[in-house]
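> Everything below, folded, please.
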Amino acid sequence: MQKSLIKNAIYKITLNFFNLILPVLIGAYVYRTLGSDAIGRVKYGETIFNYFFIFAAFGIYQYGLREVSRIKNDKQKVAQLFTSLFTFSLLTNVVSLITYMAVAYFGYGEKALFPVLMVYAINFFFNIFYVEWVNEAYEDYGFITIKTIAVKIVYVILLLTFIKGTDDYLIFVGLLVLSTGLNNVISYFYVKSRVKFDFSNLHFRPHLKPLFLVVIFSNGNILYTQLDRFMLGEFVSEKSVSYYTLAQQIATMINALMLSIIQVTIPRLSFLLGGENEEQYLDLLKKITKIYSALLFPAAIGLYAIADLGVIIYGDKEFRAAGPVLSIFALYMITIGFESILSNQVIYIKKKENILVRLIFVCGIANLALNFGFLYLGILDAKTAILTTAIANVLLIASEYVYIRKYLKIPIQLLSWTNLKYLVYSLPFILISLAIRSVVSGTITLFVLIIAACGLYYILILFLTRDEIVTLITSKIKGKLLKK
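Numbers count the residues shown, from 1 in each chain. Okay, here's the model as predicted:
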């Protein structure tokens, strides 16, 4: 029985909203308590760890989600696939851990960063139990939401109890690792109540090529934002990493709400294509793109309008220099959203990972070249680093779009008025922000008034133009009321 996409979206948005509000409240506390130097060290260590973690995870989440979604009605096939992927994950995590420990010791053994890297190493053990892709394939977002919120609450209590000053950054890293591990272990036992191990058809070879391709395309950030953070930490300063990551964290939290729509529809889109229902697939893809545009553009332009205020509220005046970085991240959000639709909902679902890998690699190299160019010119900093990544992402979107239209023959239209009108509706946010700033002062007062005014304006223009989004929402509400 298929679960309601609307209910799944509500669960996913609820979870991501919780994940948004929590970091806003707790993240602000952490950034203010630890300070820019300690945060920069933690985030730089996280960046190094992530390079190895990519190969520990080895794309199993994305690949497992897609493949289980296609065969979820066959319990035996699911059990065999789960066993193969779980066993393979055990091997990749062990190999990655050994390699990571060697690099950490010989490369950073005598540096202050080394203890941070050692705490992050514990994540390799917990990642063995990361099987959330099974729950998502079965569209069990109710369990995922409740479990994750419960774990996060425990994490918050421990964080507020033990993080009291700048010297507590190792405890902070330990709590991050502990919360991730607890989340993974609970999901593992829940999945095991539904899916049993079946070693009767254990094999790795058929999965190796698609997994390797997924590793590259799903971790394109190693040549994008991860590369930015590494180069800033290695060639500029740990403080610049803190400015970059603060802006990135705020943008990511907001973008996560919009990406909920994409995430919860991947299993359904895979299922439709698995049943060779091309017409329904295209119809759902068009609706998703429209709804996503209606949320993405106002969120991105709104964030651009309040970026300088957001970094002060989130990280205090010490992080004022992150304001321009967040402004660029706000625009970068738009590219992330549309690239995610093209790569995840079209190219990947169509099993064209090999093409996607090539495109990501070429555009990632372009980002690398731009970063080294700015480094050579002496102008590489947090602002120019994310600017180069945004440029590379635009190139990636253009390449993917041409491939989808020309070779896959899918009539997707990202740049149609149906989608871009929401950008036009959102641009006045900047004028509204300037108008309010001319008559009102005070960081928090400005922040609240600008958000309220822009939100009210956007809702009003949707109603005045009788936008289809409003019609869809009101019809759903009326339908629910009539049933009652």
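
> Which residue ranges of the stretch 251-400 of the chain form helices?
For the stretch 251-400 of the chain, the helices defined by DSSP state H, counting those that start in this stretch occupy 278-305, 307-315, 323-342, 353-377, 382-406.

> Tell me which of the ones you listed sits nearest to Asp228.
Taking Cβ to Cβ, helix 382-406 is the member of those nearest to Asp228, at 3.9 Å. Yep, even glycine has a C-beta here, placed from its N, CA and C like the rest.

> What helices and strands are in contact with the closest one?
Here helix 382-406 touches helix 225-231, helix 238-274, helix 323-342, helix 353-377, going by 3 or more Cβ pairs under 8 Å, 6 or more residues apart in numbering; DSSP states H and E.

> Let me see the mean pLDDT of the shortest one.
Along helix 225-231, the predicted confidence averages to a pLDDT of 91.

> same thing with the third one?
Regarding helix 323-342, the rounded mean pLDDT is 92.

> Please name every helix or strand in contact with it.
When contacts are defined as 3+ Cβ pairs under 8 Å, 6+ apart, helix 323-342 packs onto helix 238-274, helix 278-305, helix 307-315, helix 382-406.

> In whichever strand or helix holds Ala102, which residues are buried?
Using DSSP states H and E, the element containing Ala102 is helix 75-108. Buried residues in helix 75-108, counting neighbours by 16 or more other Cβ atoms under 10 Å, are found at 77-86, 88-89, 92-93, 96-97, 100, 104, 108.

> helices and strands around the host helix or strand of Met118, which ones?
Met118 is located in helix 114-120, with elements delineated by DSSP H and E. Applying 3+ Cβ pairs under 8 Å, 6+ apart, we find helix 114-120 packed against helix 28-57, helix 75-108, helix 169-192.

> Relative to Thr252, which of the ones you listed is closest?
When those are compared by Cβ to Cβ, helix 28-57 sits nearest Thr252, at 12.6 Å.

> packing partners for the very next helix or strand once past the closest one?
Next in sequence after helix 28-57, counting helices and strands by DSSP H and E, comes helix 60-71. Where contact means 3+ Cβ pairs under 8 Å, 6+ apart, helix 60-71 is packed against helix 75-108, helix 132-137, helix 205-218, helix 238-274.

> returning to that earlier point: how about the helices and strands packed on helix 114-120 in TSV, adding mean pLDDT and distance to Leu460?
Formatted as TSV, the helices and strands packed on helix 114-120 follow (pLDDT from 0 to 100; distance: least, Cβ to Cβ, whole Å):
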stretch	mean pLDDT	distance to Leu460
helix 28-57	91	31
helix 75-108	94	48
helix 169-192	95	40
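
> nearest to Leu446, of those?
helix 28-57 (17.0 Å).

> Buried residues of the closest one, list them for me.
Within helix 28-57, the residues that count as buried by 16+ other Cβ under 10 Å are 30-31, 33-36, 38-57.

> relative to helix 75-108, how tilted is that helix?
On the basis of axes from the mean of the first three to the mean of the last three Cα atoms, to 10 degrees, helix 28-57 is oriented at 110 degrees to helix 75-108.

> Put the alpha carbons of the helix or strand Ala453 falls within into PDB.
Applying DSSP H and E as the criterion places Ala453 in helix 443-464. C-alpha atoms of helix 443-464 as PDB (Å, rounded to 0.1, in the frame of the first residue of the first chain):
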ATOM      1  CA  THR A 443      19.200  44.100  14.700                       C
ATOM      2  CA  ILE A 444      16.400  41.900  16.000                       C
ATOM      3  CA  THR A 445      13.600  44.400  15.300                       C
ATOM      4  CA  LEU A 446      14.800  44.800  11.700                       C
ATOM      5  CA  PHE A 447      15.100  41.000  11.300                       C
ATOM      6  CA  VAL A 448      11.600  40.400  12.500                       C
ATOM      7  CA  LEU A 449       9.900  43.300  10.600                       C
ATOM      8  CA  ILE A 450      11.600  42.400   7.300                       C
ATOM      9  CA  ILE A 451      10.700  38.800   7.500                       C
ATOM     10  CA  ALA A 452       7.100  39.600   8.400                       C
ATOM     11  CA  ALA A 453       6.700  42.300   5.800                       C
ATOM     12  CA  CYS A 454       8.200  40.100   3.000                       C
ATOM     13  CA  GLY A 455       6.100  37.100   4.000                       C
ATOM     14  CA  LEU A 456       2.900  39.100   4.100                       C
ATOM     15  CA  TYR A 457       3.700  40.600   0.700                       C
ATOM     16  CA  TYR A 458       4.400  37.300  -0.900                       C
ATOM     17  CA  ILE A 459       1.200  35.600   0.400                       C
ATOM     18  CA  LEU A 460      -0.700  38.700  -0.800                       C
ATOM     19  CA  ILE A 461       0.700  38.600  -4.300                       C
ATOM     20  CA  LEU A 462       0.000  34.900  -4.600                       C
ATOM     21  CA  PHE A 463      -3.600  35.500  -3.700                       C
ATOM     22  CA  LEU A 464      -4.000  38.500  -6.000                       C
END
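
> Low-confidence ranges, the chain, go.
Scanning the chain for pLDDT under 70 picks out the ranges 1-6, 8-9, 12, 16-17, 19-21, 23-24, 217-218, 220-221, 257-277, 472-484.

> Show me the domain layout of it.
Here the domain parsing of the chain from automatic domain parsing is 1-218, 220-424.

> highest average neighbour count across the ones you listed?
Of all the domains of the chain, domain 220-424 has the most neighbours on average by mean count of other Cβ atoms under 10 Å, namely a mean of 20.

> which one of the helices and strands packed on helix 60-71 lies closest to Ala366?
So among those, helix 205-218 is nearest, using Cβ to Cβ, at 15.7 Å.

> got the contact list for the residue lying closest to Lys352 once chain neighbours are set aside?
Spatially, and ignoring its direct neighbours in sequence, Lys352 is nearest to Leu408 (7.1 Å; Cβ to Cβ, 6 or more residues apart in numbering). Applying Cβ atoms under 8 Å, 6 or more residues apart in numbering to Leu408 gives the contacts 346-347, 350, 352.

> which pair in those residues spans the largest distance?
Checking the contacts of Leu408 with Cβ to Cβ, the most distant pair is Val346 and Lys352, at 8.5 Å.
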